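> Just to be clear, the model below is a prediction. Sequence and coordinates:
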Amino acid sequence: MSEVTTLEEAFEFVQSVGICSIFSDKIKGVPSLWDAVALPDDQGKTKWGQRVEAIWQWKTELPAVYPDDVFYGKYPGGHAILTSMAYLRDEHYPKHRKPVEQCSELARAVYEIIRLSPNTTAEIRREAMELHGCTKSRFDTALKQLQTTLNVARSNEPDAKKDTWLPFAELYPDFGDE
């Protein structure tokens, strides 16, 4: 197990393993950042403790500070992951990318909302529920499907306080589209 205690060490960890889950070790054969972090589970600024606080912050900071080197996304099954850009390009993208046309009807509709007007999760959800009469749960499933198929990605803007979604190809145009 690594002894990760800083953002820079978390960056090095992601680069060394290629892909890691954030909190879970439920992805077979994929290491977990949770297991690599050597911070106390208590003594934090919140009731969650230093380890949870650091990981929660790093999942957003790593892609913002190192946008050409770290990707945040979802693995099939919905687990949050961080990958090195090399791993994303060579392994994850070719294996898990699916055209939006292969996604559910609601996922395609949510994609169109994002494509036309990138926005925060709450705003996109509100619009999807209004236009398509879906529930929060169905919306969440559709958004997760768009993430796992690499059709949308979270913005890496350092100042963003809330998750903002954009088409994957807009954030990563050099990956090309099928």
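Sure, I can see it.
> alpha carbons only for contacts and neighbour counts from here, please
Will do.
> Can you report how many residues neighbour residue 109?
17 (other CA atoms under 10 Å).
> Look at it and report its pLDDT.
Confidence at residue 109, expressed as pLDDT, is 98.
> for stretch 28-36, which positions count as buried?
31-36 (16 or more other CA atoms under 10 Å).
> can you give me the end-to-end distance of that stretch?
One end of stretch 28-36 to the other measures 16 Å (CA to CA, to the nearest Å).
> shaky segments in the chain?
In the predicted model of the chain, residues 1-2, 40-48, 176-178 satisfy pLDDT under 70.
> As a check, name the ranges of all strands in it.
19-21, 70-74, 80-84, 119-120, 152-154, 164-167 (DSSP state E).
> need the ones you listed in TSV with mean neighbour count, can you?
Below are these laid out as TSV (neighbours: other CA atoms under 10 Å):
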stretch	mean neighbour count
strand 19-21	27
strand 70-74	24
strand 80-84	24
strand 119-120	19
strand 152-154	25
strand 164-167	22
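> could those strands be laid out in CSV, adding distance to residue 142?
Formatted as CSV, the strands of the chain follow (distance: least, CA to CA, whole Å):
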stretch, distance to residue 142
strand 19-21, 21
strand 70-74, 12
strand 80-84, 15
strand 119-120, 15
strand 152-154, 11
strand 164-167, 13
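> Next, the contact list for residue 4, please.
Taking CA atoms under 8 Å, 6 or more residues apart in numbering, we find residue 4 in contact with 10, 13, 36-39.
> 6 Å - rerun?
10, 36-38 (CA atoms under 6 Å, 6 or more residues apart in numbering).
> show me where this protein has helices.
Per DSSP state H, the chain carries helices over the ranges 7-17, 33-36, 50-65, 85-87, 93-96, 105-116, 121-132, 136-148, 168-171.
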